[in-house]
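In: sequence plus the predicted model coming up.
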Amino acid sequence: MPSLPKLTYRHGQFLLFFLVLIVFYPVWDATLIQLDDPKHIWENTLVSPPNLKGLLTLWKEPYFGLYVPVTYSVWSFLSFLSHTLLGRLAPMFFHGANLALHLANTLLVFSLIRSLLNKEKTPASSWLPAFLGAAFFAVHPVQVETVAWISCLKDLLCTLFSLLCLKSFLQVWQNGLIEGKMLWLPTLYFLLALFSKPSAVILPAACVLLGLYTHSVSDLRKLPRAILFWLGLCTATAFAVVWVTKNLQPTSAQHFVTAWWTRPLIALDAIGFYFAKVLWPWTLSLDYGRTPFEVTQLAWRDGLWLIPLFVLPLCWSYRKELWAVGVGLFVLGVLPILGLVPFLFQMFSTVADHYLSFSLIGASLSLAAILARASVPALRLSGVGLTLLAVASLTQAQLWKDGIAIFQQAVKVNPRSLLAHNNLGVEFQSRGNFGNAAFHFRKAIALSPERADLFSNLGAALVSMGEVREGLIYLHKAESFEKKSPVALYNLARAYLRLGDFKKAKQFSDDAAARDPHFRPPGWVAELEEPRSNPSF
């Protein structure tokens, strides 16, 4: 490739390594945010302090509505490391793990794209287009949420094992090692991905997609029996996991479920949104506010659902082109969370940045395939575009250093964000700014007056401000809901303790412990501690 740097694949790996470190270094010393992080780790007695019994429990049963034992095993190890070295839980160990996993995923994407480009044998099948595609994956701004949010370790682990599964499966097929015993490695990676996050259910389909492309098999019936059996077994396992995961979702939160005939429109709108966000990744937010109800009302105005109606048929007509295969991977990656099967986060939004963790592999592959046939000026122009993306990601990563900043950004993008207002209140509460906490909790209640945790949060803030009598009104309102939160009961215990009513304080404290055996309130008879708030998830 004339007039371009004469660098090697190894140089490309080093460049990607430093690129990831430069863009994402702000997350290293970031704090945890009061959204899922405490529930998963800091307040989870099965993880902190680390213990073998807790780890075995996480492998035997779901926690927090999820069965992701591989993810919890890694969190347990990080908790052990943090307690051993520092004597306490430190966010930097968890942020460091996220950063290391993102780096590993970037290098694996580089390797996968390079091997697929070499199969095409194009004039530009050197390392450079693969490097540009991997760099796109590494520094795209939607990756910031996944890397900077401790709770997104499950997405990073799932992507890591998914990439290893794809590479090992293609290697088995390519080398003609089709005996069943040779498929143990991709099977292991598939199970690890599945138990890191259930969205790995799409891996069998992804293996078929890449396998058919790399080996030009036009008839699935001509596939070796061992591979057909492996794909069938993995697919059956995937469906079983989907069924179990669906049943773990609390039905009380699924008031947002829409009629079955509206779900294809919601799915198309989500795909269109993701296409648009990858091409124009600005105004990012933790909560875009695209609930199923709002999508069905506004989809005809926004018209994002039109994008897949044009793009997907075009890809099908060019299905043997590598860029079209990349688009297929992109859609497969978000297929489990398009809304065809309702999921819990839809109560806030049908879309989220961290859902694109796997899909960006497909987007990077499509970009690399296009650049492999591009001219030298086009390659240089793509380098400029990647620089702009890196700057945008670095700016976004700075926001994640502080929980208040990231939720304030969410409110700017979506002023009616229940999630952002509630968690802004939680962040202010944790810093002792009870006035601002109460302000945002009131905003949240105005948006959703049917949620008990919001009344509990406002009551806790008022008690912390010294307005105990008014706080008790909201706390008892929260306690009157059918599903009593241990946080609300615990906050009632704190309020009555402040009033000197030790009998009621002990009663509500015992009720909180009985409600959730994994809930860990500090000793209520010890020195007074500030009441807690309950984050939205």
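Out: Arrived safely. Residues are numbered from 1 along each chain as shown.
In: contacts and neighbour counts: CA atoms only from here.
Out: Noted.
In: residue 375: how many residues sit nearby?
Out: Look at residue 375: counted by other C-alpha atoms under 10 Å, it has 12 neighbours.
In: what do you get for residue 85?
Out: Neighbour count for residue 85, taken as other C-alpha under 10 Å: 10.
In: make sure it is indeed in a helix.
Out: Yes: checked against DSSP: H, G, I helix; E, B strand; the rest coil, residue 85 lies within a helix.
In: distance of it relative to residue 488?
Out: Distance check for residue 85 against residue 488: by C-alpha to C-alpha, to the nearest Å, it reads 35 Å.
In: again, but for residue 108
Out: Taking C-alpha to C-alpha, one finds residue 108 at 45 Å from residue 488.
In: now residue 106
Out: From residue 106 across to residue 488, the span is 43 Å (C-alpha to C-alpha).
In: can you give me the buried ones in stretch 360-374?
Out: 360-369, 371-372 (16 or more other C-alpha atoms under 10 Å).
In: ok, stretch 374-384 next?
Out: 379, 382.
In: that one - what's its average pLDDT?
Out: For stretch 374-384, the mean pLDDT works out to 87.
In: how far out from the middle of the chain is it?
Out: 32 Å (C-alpha atoms, centre = their mean, to the nearest Å).
In: same question for stretch 190-210.
Out: Worked out by C-alpha atoms, centre = their mean, stretch 190-210 lies 15 Å from the chain centre.
In: who's in contact with that stretch?
Out: 67-71, 154-155, 157-162, 165-166, 169-170, 231, 234-235, 238-239, 241-242, 245, 325, 328-329, 332-333, 335-337 (C-alpha atoms under 8 Å, 6 or more residues apart in numbering).
In: list buried residues within the residues you listed.
Out: By 16+ other C-alpha under 10 Å, those give 67-71, 154-155, 157-162, 165-166, 169-170, 231, 234-235, 238, 241-242, 245, 325, 328-329, 332-333, 335-337 as buried.
In: ok, for the most centrally placed residue in the chain, nearest residue in space, not its chain neighbours?
Out: A centroid search over the chain (C-alpha atoms, centre = their mean) returns residue 354, at 3.8 Å, as the residue closest to the centre. Spatial nearest neighbour of residue 354, excluding adjacent residues (C-alpha to C-alpha, 6 or more residues apart in numbering): residue 146 at 5.0 Å.
In: what count of nearby residues applies to the one you found?
Out: 23.
In: now the one helix or strand it maps to, how far from the chain's geometric center?
Out: Using DSSP states H and E, residue 146 sits in helix 143-148. Here helix 143-148 is found 8 Å from its chain centre; the criterion is C-alpha atoms, centre = their mean.
In: now the residue nearest to the centre of the chain: how far from residue 165?
Out: Taking C-alpha to C-alpha, one finds residue 354 at 20 Å from residue 165.
In: contacting residues for residue 322?
Out: Residue 322 touches 213, 365-366, 369, counting by C-alpha under 8 Å, 6+ apart.
In: try 10 Å this time
Out: Shown in contact with residue 322 (C-alpha atoms under 10 Å, 6 or more residues apart in numbering): 113, 116-117, 120, 210, 213-214, 315, 328, 362, 365-370.
In: ok, now residue 9?
Out: Contacts of residue 9 (C-alpha under 10 Å, 6+ apart): 15, 110-111, 114, 126-128, 130-131.
In: got it, and residue 168?
Out: Contacts of residue 168 (C-alpha under 10 Å, 6+ apart): 162, 174, 182-187, 189, 207.
In: could you do residue 445 as well?
Out: Taking C-alpha under 10 Å, 6+ apart as the criterion, residue 445 is in contact with 418, 421-422, 451-455, 457-458.
In: same deal with residue 318?
Out: 312, 324-325.
In: dump the contacts of residue 9 to JSON lines, plus neighbour count and pLDDT.
Out: Shown next, in JSON lines, are these (neighbours: other C-alpha atoms under 10 Å; pLDDT from 0 to 100):
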{"residue": "15", "neighbour count": "13", "pLDDT": "93"}
{"residue": "110", "neighbour count": "30", "pLDDT": "96"}
{"residue": "111", "neighbour count": "19", "pLDDT": "94"}
{"residue": "114", "neighbour count": "24", "pLDDT": "92"}
{"residue": "126", "neighbour count": "19", "pLDDT": "66"}
{"residue": "127", "neighbour count": "23", "pLDDT": "82"}
{"residue": "128", "neighbour count": "24", "pLDDT": "88"}
{"residue": "130", "neighbour count": "31", "pLDDT": "93"}
{"residue": "131", "neighbour count": "26", "pLDDT": "94"}
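In: could these go into a markdown table alongside distance to residue 26 and secondary structure?
Out: Shown next, in a markdown table, are the contacts of residue 9 (distance: C-alpha to C-alpha, whole Å; DSSP: H, G, I helix; E, B strand; the rest coil):
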| residue | distance to residue 26 | secondary structure |
| --- | --- | --- |
| 15 | 19 | helix |
| 110 | 24 | helix |
| 111 | 27 | helix |
| 114 | 30 | helix |
| 126 | 33 | coil |
| 127 | 29 | helix |
| 128 | 28 | helix |
| 130 | 27 | helix |
| 131 | 24 | helix |
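In: the lowest-mean-pLDDT helix or strand in the chain: which residues count as buried?
Out: Least confident helix or strand, the chain: helix 292-302 with a mean of 76, by mean pLDDT, DSSP states H and E. When burial is assessed from 16+ other C-alpha under 10 Å, helix 292-302 yields the following buried residues: 292-293, 295-296, 299.
In: so which elements touch the very next helix or strand once past that helix?
Out: Remark: after helix 292-302, the chain's next helix or strand is helix 306-317, criterion DSSP H and E. Judged by 3 or more C-alpha pairs under 10 Å, 6 or more residues apart in numbering; DSSP states H and E, helix 306-317 is in contact with helix 263-279, helix 322-334.
In: so which of the contacts of residue 322 are in helices?
Out: Within the contacts of residue 322, residues falling in helices by DSSP state H are 113, 116-117, 120, 210, 213-214, 315, 328, 362, 365-370.
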